[in-house]
Structures are given as structure tokens and as C-alpha cells.
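Peer 1: pasting the structure only:
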């Protein structure tokens with residue numbers, strides 16, 4: 001056993017266990033320790049070695065900032081023991097996943113690590129629901145923004161999102177279900193038409209996936225009862241659903 005092990009920060013994909021990459025699955029199977037989020041499919045854990053240490057480090061709502069240092073500590077301590085660690089994260093680790101913070105902590109501690117990209121729910125949710133994020137007859141790009149509690153609607157990023165919405169472009173709002181009513185209200189107050197097509201996709205690629213489509217005017221009411229994780233998609237592409 002080496003003096004120091006290695007940490008693989010692996011994107012597990014949006015939920016469907018078959019959407020993990022081949023490389024990510026290989027590292028999962030080889031690792032001595034699995035530190036996993038709550039949003040991964042538990043079916044993936046059956047791929048771990050029988051003698052692997054498996055720890056659920058999924059964050060509880062409202063306690064994220066206190067729990068993140070503990071995740072850093074576990075990764076570093078296990079690696080210092082010479083173990084191979086798989087830090088298994090939902091979606092892509094560098095897309096709203098705090099993977100950058102974890103990589104920085106490992107660098108500071110002198111721990112060898114590798115990042116394994118994952119299929120992000122940002123694109124996977126739209127595909128699963130049958131919405132193209134881009135369509136050459138309607139738009140030529142899309143913007144992604146977080147709708148979480150820490151986001152302020154007065155930011156330059158939200159200003160850019162509103163500009164794109166007004167021009168008919170596509171905006172994907174991540175982690176916005178809890179603040180959906182406030183998001184819609186802010187968009188309307190800043191001149192966005194309430195007739196803009198909108199859709200909320202809950203638990204994309206999971207067996208319990210649900211999609212509700214409408215407009216900014218009625219999407220809050222239509223989304224009643226949906227559970228996070230969920231994405232809000234705004235733009236004319238929502239009217240082009242190819243879901244069978």
C-alpha cells in the first residue's frame with residue numbers, strides 16, 4: 001500500500017445508473033472507499049467491491065456549508081491511509097456540485113486526484129423530457145443559472161438571463177423549484193412576458209420522472225406536488241417536445 005492513496009471525483013450522472021461513464025464505473029469498482037451523494041442511484045453501489053467502505057455523505061437541506069468540510073476531511077484522511085477513494089457525485093462534479101471546492105482541498109493537502117466528468121442533469125433533463133435546448137430555427141444557445149437560495153435576482157447573471165428570455169432564447173434554471181414563485185415574479189417584474197413557454201422537470205431520468213409544461217403564467221400552479229431535484233426550462237423550445 002502506498003503512503004498516499006488517490007481520490008477520484010466521479011460524476012455519476014443525473015439518476016439513471018446506466019448514464020455513468022465507463023471510466024467512472026471502473027473507478028467505482030476499483031475503489032476501497034465510496035463517499036457518495038444522496039442524489040445518486042443506489043443501484044450504482046452494487047458495483048462497489050464487497051469489501052469497500054461505503055459512506056453516505058449526502059447533505060441535509062440547510063446544513064450544506066457545515067457538512068462540506070467533513071467531506072473534505074474524509075477524502076483526505078482515507079487517502080492519507082493509502083486508500084483509493086471514489087467521491088461519487090450526482091450529475092457532473094463541476095456543475096453546481098462543489099467539485100471545485102473538493103479538488104482545491106485535495107490540492108492543498110497534497111493528495112493525488114482525478115476528475116471524471118459526468119452527464120449533467122442540465123442537458124439530460126431536457127433530453128429525457130423531449131425538449132431540445134437548441135434548435136437552429138429558434139435559438140443558437142442557452143444559458144444556465146442557479147435558482148438556489150444564495151442567488152440574488154439583482155445580479156448581472158440574472159440580468160443576462162432575463163435578456164435572453166425576452167429575446168426568445170433558452171434559459172435553464174437549476175435548483176429553482178423551491179423558489180419557483182419568486183423566480184416567476186421577478187421575471188415578470190423585469191419585463192418578461194408571462195406567455196413564454198416553460199417546463200419543470202422533476203427527478204429527470206429516474207423512474208419517478210415527471211414533467212409539467214405550460215407558460216410562465218401557469219407553471220407554478222402546474223408544478224404543484226413535484227419534488228426536487230428539478231429544473232425549470234424557459235423558451236420557445238419547450239413547445240417542441242419530442243417526448244413519445
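Peer 2: That came in fine, so what should we check first? None of the values given here were measured: they were computed from a predicted structure.

Peer 1: now what about the longest helix seen in the chain, what contacts it?
Peer 2: Longest helix in the chain by number of residues (criterion: DSSP state H): helix 64-80. Helix 64-80 is contacted from outside by 4-7, 32-33, 35, 53, 55, 57, 59-60, 85, 87, 98, 101-102, 105-106, 109, 111-112, using CB atoms under 8 Å, 6 or more residues apart in numbering. (Each C-beta comes from the backbone N, C-alpha and C, glycine too.)

Peer 1: neighbouring strands for the helix or strand residue 87 falls within, and are they parallel or not?
Peer 2: Taking DSSP states H and E as the definition, one finds residue 87 inside strand 84-89. Sheet pairing of strand 84-89 (DSSP bridges) gives strand 6-11 (parallel), strand 33-36 (parallel).

Peer 1: returning to what we had before: strands - which of the contacts of helix 64-80 land there?
Peer 2: 6-7, 33, 35, 53, 55, 85, 87, 112 (DSSP state E).

Peer 1: re earlier: just the buried subset of the contacts of helix 64-80, written out for PyMOL, thanks.
Peer 2: In PyMOL, this line selects whichever of the contacts of helix 64-80 come out buried by 16 or more other CB atoms under 10 Å:
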select buried, resi 4+5+6+7+32+33+35+57+59+85+87+98+102+105+106+109+111
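
Peer 1: What is the neighbour count of residue 192?
Peer 2: 20 (other CB atoms under 10 Å).

Peer 1: what stretches of this protein score poorly on pLDDT?
Peer 2: By pLDDT under 70, the low-scoring segments of the chain are 1-3, 60-65, 149-151, 242-244.

Peer 1: And the helices in it, which stretches?
Peer 2: Assignment of helices within the chain using DSSP H yields the ranges 22-30, 64-80, 99-109, 121-129, 156-166, 180-189, 219-222.
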